[in-house]
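Student: When you get a sec, could you give me coordinates for this:
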Amino acid sequence: CIVYDASYEDNLGNQKLVRIKECYPHALKITREPDGRLVPFTHDQDAFAAAQNRMIEAYQKNHDLFYLDKSGNTIADIYPAYGTVYIVSVYLNGCTFADYQGKMLHDCVQLILSTAGALQRIHEAGYFYLDLKPDNILTVEGSHGLVQLFDFDSAISEEELNSAIQSGDSSALLTSYTKGYAPLEQQTGRLKQLGKHSDLFSLGAVLFYALWHRTPNAFDCEADAAFDFAHMTYADRHFQDRLFRALSVFFHKTLASYYGDRYQDAD
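Tutor: Residues are numbered from 1 along each chain as shown. All right, here's what the predicted structure looks like:
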């Protein structure tokens with residue numbers, strides 16, 4: 001997609017900030033006409049139509065999930081236009097976790113706990129998010145207790161997963177994932193091993209990124225992995241040893257290579 005910062009004028013003349021997400025798959029051959037209309041090459045027409053359908057489905061999933069969410073929904077509406085699909089989102093006064101992880105370790109952990117709460121609501125609604133990463137976590141300025149997840153292109157329902165497992169057809173559920181934040185079972189397409197624990201691996205990887213500004217490698221995912229807290233982002237402050245023990249347990253129970261060794265629920 002291409003994302004635009006934009007604004008419109010309401011009925012009283014006030015400027016309202018929004019973001020517009022345009023379906024424009026980068027891997028397809030598409031031309032933009034002088035009037036702004038997108039036209040795919042003949043051999044990419046079906047793939048372009050499929051991409052638009054996925055974007056519409058992701059919009060609907062977002063609505064269904066956040067309709068039940070007390071924090072509300074930043075997604076305003078969806079529009080077919082210029083040969084493609086556009087999603088309009090409210091422009092919140094905040095930033096993504098990739099840009100801001102909190103000034104103190106306490107703030108960072110609070111944002112991670114809030115993200116776990118968002119995952120729990122998604123799981124309770126019968127979905128797996130499957131693309132948790134710093135760029136998909138929206139933090140709201142002035143609050144560490146409220147985050148919102150967006151970009152539901154990879155989310156699937158438990159019902160969809162079970163149907164694919166029973167039919168033996170995994171092609172429909174081969175969603176995109178982000179290297180470094182996806183668990184082994186997702187990278188290798190092992191549908192029977194996907195579950196809430198898959199999202200919790202990503203949650204651990206997000207905190208790992210915040211502390212060391214890199215994603216975990218295979219050694220960090222071993223059962224006896226040791227973590228170098230002396231060189232983490234917040235190492236200039238003094239912490240009690242029990243905090244490092246608690247963080248080590250958290251990483252062992254989220255980043256474990258074997259899905260059965262991880263936390264099985266966001267709670």
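Student: For the closest residue to Thr215 other than its chain neighbours, which residues are in contact?
Tutor: The shortest distance from Thr215 to any non-neighbouring residue, by Cβ to Cβ, 6 or more residues apart in numbering, is to Gly180 (3.0 Å). Quick note: C-beta positions are derived from backbone N, CA and C, even for glycine. Counting by Cβ atoms under 8 Å, 6 or more residues apart in numbering, Gly180 touches 205, 209, 215-216.
Student: Break down the stretch 1-150 of the chain into its helices, ranges please.
Tutor: 45-66, 105-124 (DSSP state H, counting those that start in this stretch).
Student: mind putting those in a markdown table, mean neighbour count and mean pLDDT included?
Tutor: Formatted as a markdown table, those follow (neighbours: other Cβ atoms under 10 Å; pLDDT from 0 to 100):
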| stretch | mean neighbour count | mean pLDDT |
| --- | --- | --- |
| helix 45-66 | 16 | 84 |
| helix 105-124 | 19 | 94 |
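Student: Let me know which of those is the nearest to Pro80.
Tutor: Proximity to Pro80 (Cβ to Cβ) singles out helix 45-66 among these, at 8.0 Å.
Student: related to what we said a few turns ago, can you check what pLDDT the model gives the residue nearest to Thr215?
Tutor: Looking at Gly180, its pLDDT reads 95.
Student: rewinding a little: indicate which one of the helices of the stretch 1-150 of the chain is closest to Ser154.
Tutor: Among these, the nearest to Ser154 by Cβ to Cβ is helix 45-66 (8.4 Å).
Student: Give me the angle between that closest one and helix 105-124.
Tutor: 110 degrees (axes from the mean of the first three to the mean of the last three Cα atoms, to 10 degrees).
Student: any weak-confidence spans in the stretch 151-267 of the chain?
Tutor: Judged by pLDDT under 70, the stretch 151-267 of the chain has its weakly predicted residues at 170-175.
Student: show me where it has strands.
Tutor: Here the stretch 151-267 of the chain has its strands, by DSSP state E, counting those that start in this stretch, at 156-157.
Student: Run a quick neighbour tally on the nearest residue to Asp265 once chain neighbours are set aside.
Tutor: Counting by Cβ to Cβ, 6+ apart, Asp265 lies nearest to Lys196, which is 5.8 Å off, once chain neighbours are set aside. Per other Cβ atoms under 10 Å, the neighbour tally for Lys196 reads 21.
Student: who's in contact with Lys196?
Tutor: Lys196 neighbours (Cβ under 8 Å, 6+ apart): 119, 123, 128, 264-266.
Student: Dump those residues into JSON lines; add distance to Asp99 as well.
Tutor: Listed next are those as JSON lines, based on distance: Cβ to Cβ, whole Å:
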{"residue": "Leu119", "distance to Asp99": "21"}
{"residue": "His123", "distance to Asp99": "26"}
{"residue": "Phe128", "distance to Asp99": "26"}
{"residue": "Gln264", "distance to Asp99": "31"}
{"residue": "Asp265", "distance to Asp99": "29"}
{"residue": "Ala266", "distance to Asp99": "24"}
